[in-house]
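Enquirer: sequence? don't have it. structure:
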């Protein structure tokens, strides 16, 4: 799986860096602060009045105040800041864990766990506030999580949890630092926190609704594209089928017309009446071929959005059309013998076949006889055998002419068309010469009895 660049993931890094850099004043001030303390349980001596700010540390030391290192406070500050920065970086992949980490980091900044309470502190460099810009990671990760959950109730639960955590931190801070809490305004702070959380919830709801609409549009577009692809495949398949049909019709009709025209030329002086009959047959076959071609070309040109002016409801030829086919072939000079063998569940007549099998059988016989007309030579004779068996239909077309079957350069489309039809129906086909003279095409088509109406 290749790497995919994500702009939203890439933007989390500069946001984390900028917010951390904006907060660096706190650890710098803490690290350089000169802090002295006195236990609140003992009477506290007051610094002399008028002590200069550069001399108050020496005065505090002379009165017995204890100097305190703020290095542990700096370490704690960086630990909580690292949790907040990490939350920004992992919010896309693990939003719940990111929100928990950000809430814990902001709570650590707010509570001032070091230096401990119970002392009176003197300092010239104490930070003015416990809130830092990096603490905005709580709101950012909350917005990410609330905008990605499935329902509005889940988003409201996340926002309510953060608001409850903020109130809990305020109560805990008041318990740890009562002197500081008395100077603050808890009601104002709590109201401001509630307003901010409500704004975050509204933004997340808007983002989630936009994403849902965009996803619906993308799904609809994908569905339309899939439908178009299926329609294109179906159209290509139908055009391929019609192409095979056109080949069968044109090849057969032209073969018959050429044979009749040759017969007319040969008999125009000795047997004029035969010439007229042959020419009439050429005209009839040509008209039938043109009608069939118009029907098929119309099917190719038609579309669901622009239906043809006059729909052709002529049924496709089937087994019942074979006698007319045999007559046309006989008129072209090929003697055709027909043998129908019935052995289906003891019945004495051919069973009704599915339309697909009937049309395939007709086209197979038509193509095989067309090859006989074209390649078997003069005074050829052909035998067509249809055998109705239990579960399948056997078709055998043999010619006994002077040729050895269709040459390689001419047999591709005809025999290939037969093979494609048989393959589509799950049947079997064999074709090849019979000894020195003649050619045979044998086909087995699986059938299922048509249910009675």
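Expert: Happy to help now that I have it. None of the values given here were measured: they were computed from a predicted structure. Residues are numbered from 1 along each chain as shown.
Enquirer: tell me where the model's unsure across the stretch 101-250 of the chain.
Expert: 113-130, 177-187, 238-239, 241-242, 245-250 (pLDDT under 70).
Enquirer: try 90 this time
Expert: 104-139, 143-144, 146-156, 158, 160-197, 200-202, 204-250 (pLDDT under 90).
Enquirer: now do the strands in it.
Expert: Secondary structure of the stretch 101-250 of the chain (DSSP state E, counting those that start in this stretch): strands at 119-123.
Enquirer: remind me, longest helix of the chain?
Expert: helix 186-267 (DSSP state H).
Enquirer: and that helix, what other elements does it pack with?
Expert: helix 137-148, helix 152-176, helix 272-301, helix 322-331, helix 355-375, helix 412-424 (3 or more CB pairs under 8 Å, 6 or more residues apart in numbering; DSSP states H and E). (Glycine included, C-beta is placed from N, CA and C.)
Enquirer: next, format those as a markdown table and append mean neighbour count.
Expert: A markdown table is the format used below for the helices and strands packed on helix 186-267 (neighbours: other CB atoms under 10 Å):
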| stretch | mean neighbour count |
| --- | --- |
| helix 137-148 | 23 |
| helix 152-176 | 16 |
| helix 272-301 | 15 |
| helix 322-331 | 17 |
| helix 355-375 | 23 |
| helix 412-424 | 17 |
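Enquirer: quick one, which of those gets closest to residue 316.
Expert: Residue 316 lies closest, by CB to CB, to one member of these: helix 355-375, at 4.7 Å.
Enquirer: out of the helices and strands packed on helix 186-267, which comes closest to residue 14?
Expert: Per CB to CB, nearest to residue 14 of those: helix 137-148, 12.8 Å.
Enquirer: tell me the angle of the closest one relative to helix 186-267?
Expert: 40 degrees (axes from the mean of the first three to the mean of the last three CA atoms, to 10 degrees).
Enquirer: show me the shaky parts of the stretch 251-400 of the chain.
Expert: Short version for the stretch 251-400 of the chain, where the test is pLDDT under 90: 251-382, 387-393, 398-400.
Enquirer: can I get the helices and strands packed on helix 186-267 in a markdown table with distance to residue 433?
Expert: Converted to a markdown table, the helices and strands packed on helix 186-267 look like this (distance: least, CB to CB, whole Å):
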| stretch | distance to residue 433 |
| --- | --- |
| helix 137-148 | 72 |
| helix 152-176 | 77 |
| helix 272-301 | 28 |
| helix 322-331 | 20 |
| helix 355-375 | 11 |
| helix 412-424 | 12 |
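Enquirer: does residue 388 sit in a helix, a strand or a coil?
Expert: strand (DSSP: H, G, I helix; E, B strand; the rest coil).
Enquirer: help me confirm that it comes into contact with residue 341.
Expert: Yes - proximity of residue 388 to residue 341 meets the contact threshold set by CB atoms under 8 Å, at 7.0 Å.
Enquirer: between those two, which one's more packed in?
Expert: Comparing residue 388 with residue 341 by other CB atoms under 10 Å, the one with more neighbours is residue 388, at 20 against 11.
Enquirer: how close does residue 62 sit to residue 70?
Expert: Between residue 62 and residue 70 the computed distance is 22 Å (CB to CB, to the nearest Å).
Enquirer: the more surrounded of those two?
Expert: Higher neighbour count among residue 62 and residue 70: residue 70, with 21 against 11, using other CB under 10 Å.
Enquirer: phi, psi of that one?
Expert: For residue 70, the backbone dihedrals (degrees, to the nearest 10) come out as phi -100, psi 10.
Enquirer: look up how far residue 107 lies from it.
Expert: On the measure of CB to CB, residue 70 and residue 107 end up 20 Å apart.
Enquirer: same thing with residue 153?
Expert: 25 Å.
Enquirer: just the angle between the longest helix of the chain and helix 412-424, please?
Expert: Using the same axes, to 10 degrees: helix 186-267 against helix 412-424 is 130 degrees.
Enquirer: just use 56 as the starting number from now, easier for me
Expert: That works, and once the first residue is 56, the last one we named lands at helix 241-322.
Enquirer: check contacts around residue 419.
Expert: Residues near residue 419 by CB atoms under 8 Å, 6 or more residues apart in numbering: 450, 452, 473, 476-477, 496, 498.
Enquirer: I'd say residue 500 and residue 447 touch.
Expert: Yes - using CB under 8 Å, residue 500 makes contact with residue 447 at a distance of 6.2 Å.
Enquirer: ok, these two, which is more surrounded?
Expert: residue 500 (23 against 17).
Enquirer: quick one: secondary structure of the more buried one?
Expert: strand.
Enquirer: repeat that for residue 372.
Expert: coil.
Enquirer: and for it, the neighbour number?
Expert: 18.
Enquirer: in space, what's closest to it - neighbours in sequence excluded?
Expert: Distances taken as CB to CB, 6 or more residues apart in numbering place residue 417 nearest to residue 372, at 4.7 Å, with adjacent residues excluded.
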